[in-house]
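Asks: Show me how the following folds:
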Amino acid sequence: MFSQPFIKMFQQPPLENWVIVALESDLQYAKKFTSNLKDTVTTFNYFTKEPRMILVKTSPEWIQTLRAEISPECQLAICIVSDDALNS
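Replies: Below you'll find the predicted structure:
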């Protein structure tokens, strides 16, 4: 019944230039997120390079860091903030 070869419904460009921004204290969450995402994209046969990890020391540095570290060529920027960081 389903003997036809697998046909892609759409095609996304590979994710090659992306960053994860997190507080230094949230590094463990950023690593866990990256690991989970890698497992997921592998399941869907989607190619990604490793993200560039940008660690911020304190919350007020976020905007400055984003402006200084992320280029217009960046395809995706993910900011990871834990509940602890929001409540401090």
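Asks: From residue 47, how far out is residue 21?
Replies: Distance from residue 21 to residue 47, counting by CB to CB, to the nearest Å: 22 Å. C-beta: built from backbone N, CA, C; applies to glycine.
Asks: So the two - more neighbours on which side?
Replies: residue 21 (23 against 11; other CB atoms under 10 Å).
Asks: For the more buried one, give me its contacts.
Replies: 54, 55, 56, 62, 65, 66, 69, 77, 78, 79, 80 (CB atoms under 8 Å, 6 or more residues apart in numbering).
Asks: could you redo the last one with a cut-off of 7 Å?
Replies: Contacts for residue 21 (CB atoms under 7 Å, 6 or more residues apart in numbering) come out as 54, 56, 65, 66, 77, 79.
Asks: buried subset of those?
Replies: With burial judged by 16 or more other CB atoms under 10 Å, the buried subset of the contacts of residue 21 is 54, 56, 65, 66, 79.
Asks: quick one: the last one is in a strand?
Replies: Yes. Applying DSSP: H, G, I helix; E, B strand; the rest coil, one finds residue 79 inside a strand.
Asks: Now for it: which residues touch it?
Replies: residue 21 are the contacts of residue 79 under CB under 7 Å, 6+ apart.
Asks: Export only the CA atoms of the longest helix seen in the chain, formatted as CSV.
Replies: Across the chain, the longest stretch assigned as helix under DSSP state H is helix 27-43. Extracted C-alpha coordinates of helix 27-43, given in CSV (Å, rounded to 0.1, in the frame of the first residue of the first chain):
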residue,chain,number,x,y,z
LEU,A,27,24.7,27.0,30.8
GLN,A,28,23.3,23.6,31.8
TYR,A,29,19.9,24.5,30.3
ALA,A,30,21.5,25.7,27.1
LYS,A,31,23.4,22.4,26.7
LYS,A,32,20.3,20.3,27.4
PHE,A,33,18.3,22.3,24.9
THR,A,34,21.0,21.9,22.2
SER,A,35,21.2,18.1,22.9
ASN,A,36,17.4,17.8,22.7
LEU,A,37,17.2,19.8,19.5
LYS,A,38,20.0,17.8,17.9
ASP,A,39,18.0,14.6,18.6
THR,A,40,14.9,16.1,17.1
VAL,A,41,16.4,17.4,13.9
THR,A,42,18.2,14.1,13.4
THR,A,43,14.8,12.3,13.5
